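*Asks:* okay, predicted coordinates and the sequence, questions at the end:
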Amino acid sequence: MFYPKSPFLGKGLQLENEILKVHTAALPQLLSWLCQTPRITTYRVNTLRTSVIDYKAKLQEQLKQRYGHQAPRVYGLHELPEMLCIAPLDAPADAQYDDALRQLIVDTSCGAALLRGAHIFAPGVLAMETGTQLQELVNVFADLAGKCKRGTATRYVSDEKIFLGVGRVLMQRHQLYNNNKESASGIAVHMETNVSGVPTLGDLSDADALLQNLPSIVCVRVLGPQPGESVLDMCAAPGNKTTHIAELMGDVGRVVALDNSASRVRGMQSKLANYRCIEAYHFDATKALNELGEECSTGPPFAAESFDRILLDAPCSGLGNRPQLSCSIKQAKVLQSYPHVQRNLLAQAVSLLRPGGVLVYSTCTVTEAECEQLVAWALRKFPQIRLVDAQPKLGAPGLQLAELDDDQCQMLQRFGPSAENRSDDLDTVGFFIAKFEKAKN
Ligand SMILES: C[S@@+](CC[C@H](N)C(=O)[O-])C[C@H]1O[C@@H](n2cnc3c(N)ncnc32)[C@H](O)[C@@H]1O
C-alpha cells in the first residue's frame, strides 16, 4: 500500500533543499522517517499529585480492559523517573483493510493523531459515505493531497490517500455536516485498530498525568530547575513544559510563563492555576528585556539578569511532529523566516539570564538552520555564553557543522533517524536541545 516518503509528496523540492543544507546525503532517510509514526506513547506523571507507581497501575488497568492478555507493556526509563512509556502492540495486523467495509476520509492532521492512538473527532472527518450507520465498522483513510471536500458523500477515489485503520462510527452524516447548526464536536469514530500498532487509547491526560512526547520531557530535565529558583519560560503555551518546571521545583519558587498569543495564554490559564509558583502573561518575549533599566513592576518587561534559568522552546517550523503526512508549510520563505525570530528571542534570553545561569534552547524541528546553525550563531554573537552537556542524554549528538567542533556537537541532542534513536524505547518525534551557561561575572 502507498506510504509517503516525504511530507512534501515530491512537490516541494525547494522546501526539501532547505531542511539539510550541509548533510544533504541524509535527507531522504530523514524525510521518510518524518512520515512514519513514532511507536511509543509517553505520559508525564504529575508527581505533586500522584506516584508513578500508582499511575502505572492505572494505565495497565486501562490497557487490560482494552486489550486483555495482549495488553502492551508499560515501562519507565531511569533517566526520566516521572515518565511512563506504553509499548506498541505486538500484533497490529488485524488493522487490515476489509474490502466489504465502507470508507471514511480524514484530513492529514487527524490522520497523524489517529496513527498515534487517537480516536477521530468530528472536525477531522472529511467524507462519510451516504448510508453509513451508527456502530458500523469503516475503513479509515487520510487524504494526503488535500483535495477531498468536507461533506463528501460518495467513495473518494485518489492515488494519494492512505489506509490508517478500522473504526466504529459514533456519529452519522447529519450530525457531522449540519450547516445550519454549530459545528459538530466530540468523538465521531472510535478507532478499533490502526496500522501503526500504537494502542488506540485516545488522550488520557488529566491533572495526574499528561500525554507528552519524550524529548519535551528530556528538555525540562536538561533545564534542571531547582526549588526556590526564578525561571522564565519564554514561549510557554500550551504550558506543558511550564507545569513540568513547576513540578520539578516542588511548586516552590517563581516560574514566569510568557506567550505572545492571547488565545493560547487564555487556554493554559486554568491548567497553570493549579500551581502556586507559576505566573503567566500574554507578552511578546522579543521585548521581555526592560531596555531602559527602570525599576520594573512584577510582570514583564524584566530587568537584565533576572532569571536563574530560562527555557526558550522556540516557535519553529515544527517538522519534527511525526508522522508528517503532509506539511502545512508550502513555501521555502516560510521555512527561512523562523531563524530570525529565534535569534531575537535568544538575544533577549542571554540578557535576562543571571551570570552563571542556564539557558536551554529547544525546537520541535529538524532543519539545520533552526538547530545547529542557530547554536553556532549564538556562540559567535554572545561570547558570554558557552555550550554545556545537555544531560540526561537520550537523543543523538548534533549534526557536524564547520562552526561547531566535535565536543560541541556531542553536547547537543538531536532526536532524528540516526542509529542512536532507533531503539524501540526512543522511537519518538524529531526535536533539538541545546544547553548554554552564562559566564559568572
Ligand atoms: C513550540 S510552542 C511552545 C510549546 C510550549 N513550550 C509547551 O511545551 O507547551 C511555541 C510558542 O511560542 C509562542 N510564540 C511565538 N512567538 C512568540 C513571541 N515573540 N513571544 C512569546 N511567545 C511566542 C507561540 O504562540 C507558541 O505558543
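*Replies:* Noted; the coordinates are in hand.
*Asks:* every contact and neighbour count from this point should use C-alpha atoms.
*Replies:* Fine.
*Asks:* please name every helix or strand in contact with the helix or strand that contains Ser270.
*Replies:* Assessed by DSSP states H and E, Ser270 sits inside helix 262-272. For helix 262-272, the packing partners by 3 or more CA pairs under 8 Å, 6 or more residues apart in numbering; DSSP states H and E come out as strand 278-282.
*Asks:* now the strand it packs on and helix 262-272, what's the angle there?
*Replies:* Strand 278-282 runs at 170 degrees relative to helix 262-272, counting by axes from the mean of the first three to the mean of the last three CA atoms, to 10 degrees.
*Asks:* avg pLDDT for the next helix or strand after strand 278-282?
*Replies:* Using DSSP H and E, the helix or strand that follows strand 278-282 in sequence is strand 307-313. The average pLDDT within strand 307-313 is 98.
*Asks:* try stretch 63-83
*Replies:* 95.
*Asks:* now it: buried residues?
*Replies:* Neighbour counts over stretch 63-83 (16 or more other CA atoms under 10 Å) mark 63, 71-72, 74, 76, 82-83 as buried.
*Asks:* residues of the stretch 201-350 of the chain that sit close to the ligand?
*Replies:* Counting by CA under 6 Å from any ligand atom, the stretch 201-350 of the chain comes close to the ligand at 234-241, 258-261, 284-286, 313-315.
*Asks:* give me the angle between the lengthiest strand in the chain and strand 307-313.
*Replies:* Using DSSP state E, we find that the single longest strand of the chain is strand 353-363. Computed by the same axes, to 10 degrees, the angle separating strand 353-363 from strand 307-313 equals 20 degrees.
*Asks:* confirm that Lys435 sits in a strand.
*Replies:* Yes: per DSSP: H, G, I helix; E, B strand; the rest coil, Lys435 lies within a strand segment.
*Asks:* so what's it scoring on pLDDT?
*Replies:* Turning to Lys435, the model gives it a pLDDT of 98.
*Asks:* likewise Ser423?
*Replies:* pLDDT for Ser423: 68.
*Asks:* again with Ile120
*Replies:* On pLDDT, Ile120 comes in at 98.
*Asks:* Ala184 too?
*Replies:* Note for Ala184: predicted pLDDT of 84.
*Asks:* could you do the one 10 residues further on as well?
*Replies:* The predicted structure scores Asn194 at 94 on the pLDDT scale.
*Asks:* so it makes contact with Val166?
*Replies:* Yes: between Asn194 and Val166 there is a contact under CA atoms under 8 Å: 6.4 Å.
*Asks:* ok so, going back, CSV for the buried residues of stretch 63-83, including distance to Arg150 and secondary structure?
*Replies:* Shown next, in CSV, are those (distance: CA to CA, whole Å; DSSP: H, G, I helix; E, B strand; the rest coil):
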residue, distance to Arg150, secondary structure
Leu63, 34, helix
Ala71, 36, coil
Pro72, 36, coil
Val74, 38, strand
Gly76, 41, strand
Glu82, 41, strand
Met83, 38, strand
